[in-house]
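J.: Take a look and give me a structure for this.
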Amino acid sequence: MTRTRFEVANKLQGESLVRKGLLRSYKDRPQLRIVPDLNVVKLGGHGIIDYGREVVLPLVEEISSLTTRFKMLIVTGGGVRVRHIMDVGLDLGMPTGVLAELAGKISEQNAIMLSILLSPCHGTRIHTSDLLELPMLLELGVLPVMHGTPPYGLYEHPTEYGAIPPHRTDTGAFLIAEVLGARNCILVKNVDGLFTKDPTHFPDAELIRDISASELLTMNLEDMVLETKLVELLPYARNIHEIKIVNGHVPGSITRALEGGPVGTVIRAR
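T.: Residues are numbered from 1 along each chain as shown. Below is the predicted model:
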């Protein structure tokens, strides 16, 4: 006996939601930008927070001085403790999703510490579930601080190689900026930008000032200062058209990036 599926009248009635023609028909439809004047500033765990007061406190002062001029969301990375828990987890054969759960706890600890340091300028630790409250929080003068690990957790995507989760805090900062329709996504590192090789080990490494995501992927670099997954996703973004990389060990780098001045590296969507 043939049964007719129950349908509610709508424009997607009877669609599988995977038909290519349907997906293409929505390609250029504009999306609402929730906080279009927001600047997502991601402080790396390994490159910034792990250095302690010598690097972190000057950045706290710089960020504090900017709060009256720019709306910001501060996002934290994990750092050396993520490397440690990954090492233990990989050695014990933990699945990728479990590794993602473990790594998220570390970047969350960094968000707690940074929000406390920023509390004199209304720094407040927020959770993923608070993102849609940002318009109200920003109007109240709050400086939101959150960790950057995307909430895939046990649902983390399988990896092409090995088991290390591909969506980590760089990618998380980008995804936050994209869904909120932010003005900027700035990655604060401990190097001047994206190099052809790791400049801490190869003196002949060349700084890449400006490059498109497709060009960067074609280069197939052995190592990068940011996550490959972010570069793979960038061409499909609707709101974020470039990623800026700055050196947080150089005073004023975040200020220059927010003011539209020169930065270490710009990676363009196209």
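J.: Run a quick check on residue 267 versus residue 233, I expect a contact.
T.: No: applying C-beta atoms under 8 Å, one finds residue 267 not in contact with residue 233, separated by 11.5 Å. (Glycine included, C-beta is placed from N, CA and C.)
J.: Which one of the two is surrounded by more residues?
T.: In terms of neighbours (other C-beta atoms under 10 Å), residue 267 is the more surrounded of residue 267 and residue 233; the figures are 24 against 18.
J.: Near residue 99, how many other residues are there?
T.: What residue 99 shows, counting by other C-beta under 10 Å, is a neighbour count of 21.
J.: let me fix that: residue 44
T.: Neighbour count for residue 44, taken as other C-beta under 10 Å: 27.
J.: what's the distance between it and residue 168?
T.: Per C-beta to C-beta, to the nearest Å, residue 44 is found 11 Å from residue 168.
J.: and for the two, which residues touch both?
T.: Taking C-beta atoms under 8 Å, 6 or more residues apart in numbering as the contact criterion, the common neighbours of residue 44 and residue 168 are residue 77.
J.: Any stretches of this protein with poor pLDDT?
T.: By pLDDT under 70, the weakly predicted segments of the chain are 1-2.
J.: Now the residue nearest the centre of it. Nearest residue, chain neighbours left out?
T.: For the chain, the residue lying nearest the average C-alpha position, counting by C-alpha atoms, centre = their mean, turns out to be residue 173 (1.9 Å). Once flanking residues are discounted, residue 173 sits nearest to residue 42: 3.8 Å by C-beta to C-beta, 6 or more residues apart in numbering.
J.: Who are the packing partners of whichever strand or helix holds the one you found?
T.: Under the criterion of DSSP states H and E, residue 42 resides in strand 38-43. With contacts defined as 3 or more C-beta pairs under 8 Å, 6 or more residues apart in numbering; DSSP states H and E, the packing partners of strand 38-43 are strand 71-76, helix 169-180, strand 184-189.
J.: Any idea which of those gets closest to residue 137?
T.: Nearest of the helices and strands packed on strand 38-43 to residue 137, taken as C-beta to C-beta: strand 71-76 at 9.4 Å.
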